[in-house]
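Participant: build me a structure from this.
(chains A and B)
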There are 2 protein chains.
Amino acid sequence: MNIDMIDAAALRLCGHARRTPLLSSPFLDAIAGRRVYVKAECLQHTGSFKFRGGWSAVSALSPEVRARGVIAFSSGNHAQGVALAAKEHGIPVVIVMPSDAPQMKIDNTRAFGAEVVLYDRATEDRDAIGARLAADRAMTLIKPYDEPQVIAGQGTIGLEIAEDAQALGVSQADVLVCCGGGGLTSGIALALETRAPGLRVRPVEPEGFDDVARSLRSGRIERNARSSGSLCDAIITPQAGDLTFPILKRLCGPGLVVSEDEALHAMSQAFSRLKIVAEPGGAVALAAALFRPDDVQGDAVIVTISGGNVDAAVFARALRSFPA
Amino acid sequence: MNIDMIDAAALRLCGHARRTPLLSSPFLDAIAGRRVYVKAECLQHTGSFKFRGGWSAVSALSPEVRARGVIAFSSGNHAQGVALAAKEHGIPVVIVMPSDAPQMKIDNTRAFGAEVVLYDRATEDRDAIGARLAADRAMTLIKPYDEPQVIAGQGTIGLEIAEDAQALGVSQADVLVCCGGGGLTSGIALALETRAPGLRVRPVEPEGFDDVARSLRSGRIERNARSSGSLCDAIITPQAGDLTFPILKRLCGPGLVVSEDEALHAMSQAFSRLKIVAEPGGAVALAAALFRPDDVQGDAVIVTISGGNVDAAVFARALRSFPA
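Facilitator: All right, here's what the predicted structure looks like:
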């Protein structure tokens, strides 16, 4: 993994991924006690940054391999990102989803052109299903984060942050990144290492799912005790990847951890002050900037909003529980 | 009013106003039956396009005149736009607001650095208060739409639409614009007349407040019977302006009218498909594109979301009433 791969991914994404804006509000600055810049990746196609990694991986395949199609496991943002990238490349795509996934996510994934293969979480092995499908149809499996071209695609966000920070005169700042398996975090960290070395990436996770923060402290990959039961569903992977963790360890500052309520509160602030929709897992970095200011350094902070795919009921709950 | 004034405003706004993105979603395309491109001006500073006109007008004043400060009447988006523009210019600003305006709007306007002068709607004359203040302090009144530099500022949105449409290969389309007094609509129409003559601007209004649609039919300025009582508070001005209407008459296609429920439904679609927050008055153009497709022409349509300053309760109601 290196900056050249990220630059190459940026060229492939140009004209396909959206260049998302870096937003701000004096009201958020007042809460955080420093300037807050928000990379609104919820405005990306499919409502999350995952489209970048999906497009990067699909577009990096050789034409012959790509034509046979791609496959992904996911009930969430990676599914939609890969599905739309495949659809726009005109190739077949299979998404393996649990049969108890919300109907709307299944419908959306199909609407993005994917063949959805459902499996029973209790009785079937998702990896076995995927392996069989990949073998039978000679399709390429696109993993959600531990895959170089996926990391390179997410890293293009780092290139944009570096450009925008320079234009704003921000050369020293913490960059808080919503962190699950570490694909987004490691990609941004790699981009900034070369393009904005004064910007320090720090992963942010929800309480109870802080494996990366603990891993950065211990120096080796730690696991979460639980793998479900959080509103921050987008970022509760069991552990960092074998590819992503060494990058995180080499480049990132200490991890930050916020509560679910802080994430909901940040969603409400993003609604009232930035006019954007964040999902709980996509709001943890903003929550850290707003509600853990003593844990952040510098007179400016940059945060990612990684996605906005949230049910209306959860969103309304955030607004009701935390009026601006 | 001409394109040179809009180009000059764009130069003054550069680095201060945000260049807002043109968003899209295959789900919206499917509802509308054509490609839908959404100019997300809710992402502008202060949450609405009004910051552009405010900045344009304040920055166009001579330094001596500007230093004495500016004044505006408004309980809404224009107040915040002028207040922030004045604050960033480091000049005094007075906003005259009704004493029964929502406390949050008063607080926000003060937070943007304005001195708020409250008046009693029932017993006091707002124009007299403003005239006295302007005379006593030699401040410049900035009207919300019938003011050339305000129109020029809003017209910068048209420059951006023209550029982005060209990049997308869209040379013929209706451009649906949320319309109150006509400042935004006339500014965009003037910009497109020169820069994208195949794009035709059409005002969109809520039912019961369709004075511009009627005025375009009759050829003279018509008034609304009511001046309050709509969720679309941002765009229910009594009539088009003496400056704006001749521009609308010369350049715009027929007006479109949508119901309040259609505006709420469009807010819900903007939430779930674009991840942005639209206020009811800011959602009427998207509502027309989605729910009045037979009234629109061409295989692509461009719409403005003019603002996102909506109470959480109204937003939650839109999501509840119109699930995606």
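
Participant: residues in chain A within reach of chain B, list them.
Facilitator: Contact residues (Cβ under 8 Å from any Cβ of the partner chain) of chain A with chain B: A:18-21, A:23, A:26-27, A:30, A:40, A:42-43, A:47, A:84, A:104, A:108, A:111-112, A:268, A:271-272, A:274-277, A:308, A:312, A:315-316, A:319-320, A:323-324. To be clear about C-beta, it is placed using only N, CA and C from the backbone, and glycine gets the same treatment.

Participant: in strands, which of those residues fall?
Facilitator: A:23, A:40 (DSSP state E).

Participant: may I have the top helix by length along chain A as PDB, with CA atoms only?
Facilitator: Identified as the longest helix of chain A according to DSSP state H is helix A:148-168. C-alpha atoms of helix A:148-168 as PDB (Å, rounded to 0.1, in the frame of the first residue of the first chain):
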ATOM      1  CA  PRO A 148      -5.600  -3.000  -1.100                       C
ATOM      2  CA  GLN A 149      -7.800  -1.400  -3.800                       C
ATOM      3  CA  VAL A 150     -10.600  -0.800  -1.300                       C
ATOM      4  CA  ILE A 151      -8.200   1.000   1.000                       C
ATOM      5  CA  ALA A 152      -6.800   3.000  -1.900                       C
ATOM      6  CA  GLY A 153     -10.400   4.100  -2.800                       C
ATOM      7  CA  GLN A 154     -11.200   5.200   0.700                       C
ATOM      8  CA  GLY A 155      -7.800   7.000   0.700                       C
ATOM      9  CA  THR A 156      -9.000   9.400  -1.900                       C
ATOM     10  CA  ILE A 157     -10.900  11.100   0.900                       C
ATOM     11  CA  GLY A 158      -7.600  11.800   2.400                       C
ATOM     12  CA  LEU A 159      -6.400  13.500  -0.800                       C
ATOM     13  CA  GLU A 160      -9.400  15.800  -0.800                       C
ATOM     14  CA  ILE A 161      -9.000  16.600   2.900                       C
ATOM     15  CA  ALA A 162      -5.300  17.500   2.300                       C
ATOM     16  CA  GLU A 163      -6.300  19.800  -0.500                       C
ATOM     17  CA  ASP A 164      -9.100  21.500   1.300                       C
ATOM     18  CA  ALA A 165      -7.100  21.900   4.600                       C
ATOM     19  CA  GLN A 166      -4.300  23.600   2.700                       C
ATOM     20  CA  ALA A 167      -6.800  26.000   1.100                       C
ATOM     21  CA  LEU A 168      -8.100  26.800   4.600                       C
END
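
Participant: just how off-centre is that helix within its chain?
Facilitator: Mean-position distance between helix A:148-168 and its chain equals 13 Å (Cα atoms, centre = their mean, to the nearest Å).

Participant: which helices and strands sit right next to it?
Facilitator: If you count contacts as 3 or more Cβ pairs under 8 Å, 6 or more residues apart in numbering or on different chains; DSSP states H and E, helix A:148-168 packs onto helix A:3-13, strand A:22-23, strand A:35-40, helix A:50-60, helix A:183-195, strand A:199-206, strand A:300-305.

Participant: what lies in contact with the fourth one?
Facilitator: What it means is helix A:50-60. Helix A:50-60 is contacted by residues A:9, A:12-13, A:16-17, A:44-45, A:66, A:70, A:72, A:77-78, A:80-86, A:88-89, A:91, A:142, A:144-145, A:147, A:149-154, A:156-157, A:183, A:187, A:307 when judged by Cβ atoms under 8 Å, 6 or more residues apart in numbering or on different chains.

Participant: now these: which count as buried?
Facilitator: Buried by 16 or more other Cβ atoms under 10 Å in any protein chain shown: A:9, A:12-13, A:16-17, A:44-45, A:66, A:70, A:72, A:77-78, A:80-86, A:88-89, A:91, A:142, A:144-145, A:147, A:149-154, A:156-157, A:183, A:187, A:307, out of the contacts of helix A:50-60.

Participant: sorry, back to before: quick one: mean pLDDT over the longest helix of chain A.
Facilitator: Regarding helix A:148-168, the rounded mean pLDDT is 98.

Participant: who does the helix or strand following it pair up with?
Facilitator: Scanning forward in sequence from helix A:148-168 by DSSP states H and E, the next helix or strand is strand A:173-178. Using DSSP bridges, strand A:173-178 pairs in its sheet with strand A:199-206 (parallel), strand A:300-305 (parallel).

Participant: and A:Q103, what is it in contact with?
Facilitator: A:Q103 is in contact with no residue at all, counting by Cβ under 8 Å, 6+ apart.

Participant: and the residue in the stretch 101-250 of chain A positioned nearest to chain B, what does it touch?
Facilitator: As assessed by Cβ to the nearest Cβ, chain B sits closest to A:A111 within the stretch 101-250 of chain A, at 6.8 Å. Residues in contact with A:A111 (Cβ under 8 Å, 6+ apart) are B:26-27, B:30.

Participant: neighbour count, pLDDT and distance to chain A added to these, as TSV?
Facilitator: As requested, the contacts of A:A111 are exported to TSV (neighbours: other Cβ atoms under 10 Å in any protein chain shown; pLDDT from 0 to 100; distance: Cβ to the nearest Cβ, whole Å):
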residue	neighbour count	pLDDT	distance to chain A
B:P26	17	94	7
B:F27	17	95	7
B:A30	12	96	8
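
Participant: skipping its backbone neighbours, what lies nearest the residue of the stretch 1-150 of chain A at minimum distance from chain B in space?
Facilitator: Here the stretch 1-150 of chain A gets closest to chain B at one residue, A:C42, 4.3 Å apart by Cβ to the nearest Cβ. The shortest distance from A:C42 to any non-neighbouring residue, by Cβ to Cβ, 6 or more residues apart in numbering or on different chains, is to A:G308 (3.1 Å).

Participant: so the one you found sits against A:K275, correct?
Facilitator: No. Applying Cβ atoms under 8 Å as the test, A:G308 and A:K275 come out as separate, 11.7 Å apart.

Participant: quick one on the thing from earlier: would you turn the helices and strands packed on helix A:148-168 into TSV with mean pLDDT?
Facilitator: Converted to TSV, those look like this (pLDDT from 0 to 100):
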stretch	mean pLDDT
helix A:3-13	98
strand A:22-23	98
strand A:35-40	98
helix A:50-60	98
helix A:183-195	98
strand A:199-206	98
strand A:300-305	98
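
Participant: now those in JSON lines, with distance to B:S59?
Facilitator: What follows is the helices and strands packed on helix A:148-168, written out as JSON lines (distance: least, Cβ to Cβ, whole Å):
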{"stretch": "helix A:3-13", "distance to B:S59": "35"}
{"stretch": "strand A:22-23", "distance to B:S59": "22"}
{"stretch": "strand A:35-40", "distance to B:S59": "22"}
{"stretch": "helix A:50-60", "distance to B:S59": "37"}
{"stretch": "helix A:183-195", "distance to B:S59": "33"}
{"stretch": "strand A:199-206", "distance to B:S59": "31"}
{"stretch": "strand A:300-305", "distance to B:S59": "25"}
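
Participant: wait, which of these is closest to B:L168?
Facilitator: helix A:3-13 (16.4 Å; Cβ to Cβ).

Participant: which strands and helices lie in contact with the closest one?
Facilitator: Judged by 3+ Cβ pairs under 8 Å, 6+ apart, helix A:3-13 is in contact with helix A:50-60, helix A:148-168, helix A:183-195.
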